[in-house]
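Colleague: Please find the sequence and the predicted model below.
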Amino acid sequence: MTEAEQKIRVLIAKPGLDGHDRGAKVVARALRDAGFEVIYTGLRQTPEQVAETALQEDVDVVGLSILSGAHMRLFPEIMKLLKERKMKDVLVIAGGIIPEDDVKPLKKLGIKAIFGPGTPTGEIVEFIRKHTK
Amino acid sequence: MTPDTTDLVKQLLKGNRRAAARLMTLAESLSPEAHSAIKQLYPHTGKAHIIGITGPPGSGKSTLVDKLIEQFRNQKLKVGVVAVDPSSPFTGGALLGDRIRMNRFASDHDVFIRSMGSRGSLGGLAWATHDIVHILDALGKDIILVETVGAGQAEVDIIQLAETVVLLSVPGLGDDIQTIKAGIMEIGNVFTINKSDLDGADRRYVEIQSALNLGQETKGWQPPIIKVVATTGEGVEELTKAIQDHHSYLVESGEIAQNREQRCSAQLETIVEHSFIRKLFTDPEEQTLFQELVKEVNSRKTDPYTAAEKLILHLIKTPKK
Ligand SMILES: Nc1nc2c(ncn2[C@@H]2O[C@H](COP(=O)(O)OP(=O)(O)OP(=O)(O)O)[C@@H](O)[C@H]2O)c(=O)[nH]1
Ligand SMILES: [Mg+2]
C-alpha cells in the first residue's frame, strides 16, 4: 500500500560552463540508491535556473557540483536567489574542485558542507540524513 | 511543524509558486493537511486543459514536452508540467531526469515543472498526480502536461486524468500487435510518431492507421496520426494544433462534460478505495479485527465474504478520528 511518507528530495545541479558531469552523476545515483528522490538537471545551469528549480521541486537539499573554478562567482549568486525565494530551510552542499582558501567564505555564505573529489558517496548520504528533517 | 494550509492555499490562489511547491510536497506525503488543502482549492480548478503524454521509455516524451511548452508559450498560455519517473521498488529512491530536456524553461515564471517518483503505485499513475494537477490548475495554468512513466498501467491510467491523451510511438518498435492487444490504442486521442527522422516512420504510420481502422467507428473524433521529430521541433506545430483541435471538439460536441464526469467518477472511486484500505491497515483497532477475522477464515469459523462484510460494516461505523 502507498503509505504516507516524507521522502528526502535532492536537487543535483551543475552551474557553470564546464562540460563534465561524471562526478555529479555518480553522486546522483548513490543518493537514489540511498532512497532519496534525486532531481537531476544536467549541465550548464544558470544560478537563476538552479534556484527556480529548487523552488518548484521543493527540495530539501541542493547539491552544487562544479569543476570550472567559477564557484566564487556562481555560489553567492545562487545563495542570494535562494534567499530571495525564502528557501531558507534548504540544505546547500557543494562538491567538485574547490581550493582550501575558498572553503571558509563559502561556508560563511551558508553552504553547509564541501566535498572534495573522491569523497566516498556514503559520507554524503550520511551528511544529508543527519542534516535534514 | 504543521504548515498552515489555509494560508498556503490563499497564497497559491494569488499565484505564489513557492506555496504551490509546498502544497505539492504535502500532497505527495498523502498527509491529512493535503486533503484539507485540496478541499479548499478544488472550487478554483477545472479551467486548465489537461494533456497526457505517454509512450514507451525513451520514446522522446520529455523532449516533446519541451517543444510543446514552447508552442503554448508562443500563444501566451501558462503551462504546468508534471513529469513522472519510476521509483525503485527496493529503496524507494528515484532519479528524476525529465527536467534535463526542459531546462530552458526553468526560469520562465509562467512555466511550472514538477518531477515526481511513481512511489508505491504499482506501475500505475502515482497517487498524488491528481492532486498535483489540481494544484497547478488552481495556480492558474491554462495547459497542464502530464508525462507518465512509459509502462503498462500508467499509460492506461492517464485517461483518468487527462482530457487529451497523446500517445507516442517510435519507428522500429516491432511489437505493434502487442500494443493493440494491450488495449493501449483505445486511449489515444492524438497519435504521434516521434523520431520520424529514423527509418521506418512511414511503416509505423501505416501500422497505426490500419490498427485504428480496425476498431474505430467513423462518428465523432478521428484520432490523427502525426509524425514529429522532437529533437528539431519538426511537426510539433501540427501536433499542437491537433491537441487543441481535440479540445475544441470536446467542447463543441459537449463530450467534455461526460468526459469530466467520467474522470471525477474514477477519482472518487480511487479515493474511497484508498481511504478504506488505508484505514484498515493503519488503524490499530481495525488491524486487530482484521487479524482475528483472518484466523477465523482460516479455521473455517467464518468465510471470506462474511469476514469482509464485517470489516466493511465496522469501518463505516467507527467514527473518524
Ligand atoms: N533521432 C531522434 N532522437 C530523439 C527524438 N526525440 C528524442 N530523441 C532522443 O531520444 C532520447 C530519449 O529522449 P527523452 O525525451 O528523454 O525520452 P523519454 O520518453 O522522456 O524518456 P523516459 O522519460 O526515460 O521514458 C534522447 O536521447 C533524445 O535526444 C527524435 O525526434 N529523433
Ligand atoms: Mg522523460
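Modeller: Looks like it came in fine. Residues are numbered from 1 along each chain as shown, chains lettered A, B, ... in the order given. Ligands and ions are numbered 1, 2, ... in the order given.

Colleague: Where does pLDDT dip in chain B?
Modeller: B:1-3, B:120-125, B:151-156, B:173-183, B:214-218, B:318-321 (pLDDT under 70).

Colleague: where exactly do the helices run in it?
Modeller: With helices called from DSSP state H, chain B shows them at B:5-13, B:17-28, B:32-41, B:61-74, B:129-139, B:152-157, B:176-181, B:201-215, B:236-253, B:255-282, B:284-298, B:304-317.

Colleague: Same question for chain A.
Modeller: Here chain A has its helices, by DSSP H, at A:22-33, A:47-57, A:71-84, A:100-109, A:121-131.

Colleague: most tightly surrounded among those helices?
Modeller: Highest mean neighbour count of the helices of chain A: helix A:47-57, a mean of 23 (counted as mean count of other Cβ atoms under 10 Å in any protein chain shown). All C-beta spots, glycine's among them, are computed from the backbone N, C-alpha and C.

Colleague: That one packs against which elements?
Modeller: The criterion is 3 or more Cβ pairs under 8 Å, 6 or more residues apart in numbering or on different chains; DSSP states H and E, and the helices and strands that helix A:47-57 contacts are strand A:9-13, strand A:61-66, helix A:71-84, helix B:17-28, strand B:111-117.

Colleague: Between the ones you listed, which one is closest to ligand 2.
Modeller: Among the helices and strands packed on helix A:47-57, strand B:111-117 comes nearest to ligand 2, with 9.6 Å by Cβ to the ion.

Colleague: Please tell me how far the residue positioned nearest the centre of chain B sits from ligand 1.
Modeller: Closest to where the C-alpha atoms of chain B average out (Cα atoms, centre = their mean) is B:Ile158, at 4.5 Å. Per Cβ to the nearest ligand atom, to the nearest Å, B:Ile158 is found 14 Å from ligand 1.

Colleague: Report the contact partners of the residue of chain A found nearest ligand 1.
Modeller: Chain A approaches ligand 1 most closely through A:Gly42 (10.9 Å), counting by Cβ to the nearest ligand atom. Applying Cβ atoms under 8 Å, 6 or more residues apart in numbering or on different chains to A:Gly42 gives the contacts A:Lys14, A:Asp21, B:Gly97, B:Ile100, B:Asn103.

Colleague: Then B:Ala37?
Modeller: Contacts for B:Ala37 (Cβ under 8 Å, 6+ apart) come out as B:Thr5, B:Leu8, B:Val9, B:Leu23, B:Leu26, B:Ala27.

Colleague: Just the buried residues of the residues you listed.
Modeller: Buried by 16 or more other Cβ atoms under 10 Å in any protein chain shown: B:Thr5, B:Leu8, B:Val9, B:Leu23, B:Leu26, B:Ala27, out of the contacts of B:Ala37.

Colleague: Now tabulate the helices and strands packed on helix A:47-57 in TSV and tack on distance to ligand 1.
Modeller: Formatted as TSV, the helices and strands packed on helix A:47-57 follow (distance: least, Cβ to the nearest ligand atom, whole Å):
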stretch	distance to ligand 1
strand A:9-13	17
strand A:61-66	21
helix A:71-84	26
helix B:17-28	19
strand B:111-117	10
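
Colleague: So which residues on chain A come close to chain B?
Modeller: For chain A, the residues in contact with chain B (Cβ under 8 Å from any Cβ of the partner chain) are A:1-7, A:9, A:28-29, A:31-42, A:45-46, A:48-49, A:52-53, A:55-58, A:85-87.

Colleague: at 6 Å instead, please
Modeller: A:1-2, A:4, A:6, A:32-33, A:35-42, A:48-49, A:52-53, A:55-56, A:58 (Cβ under 6 Å from any Cβ of the partner chain).

Colleague: From ligand 1, how far off is B:Phe105?
Modeller: B:Phe105 is 14 Å from ligand 1, where distance means Cβ to the nearest ligand atom.
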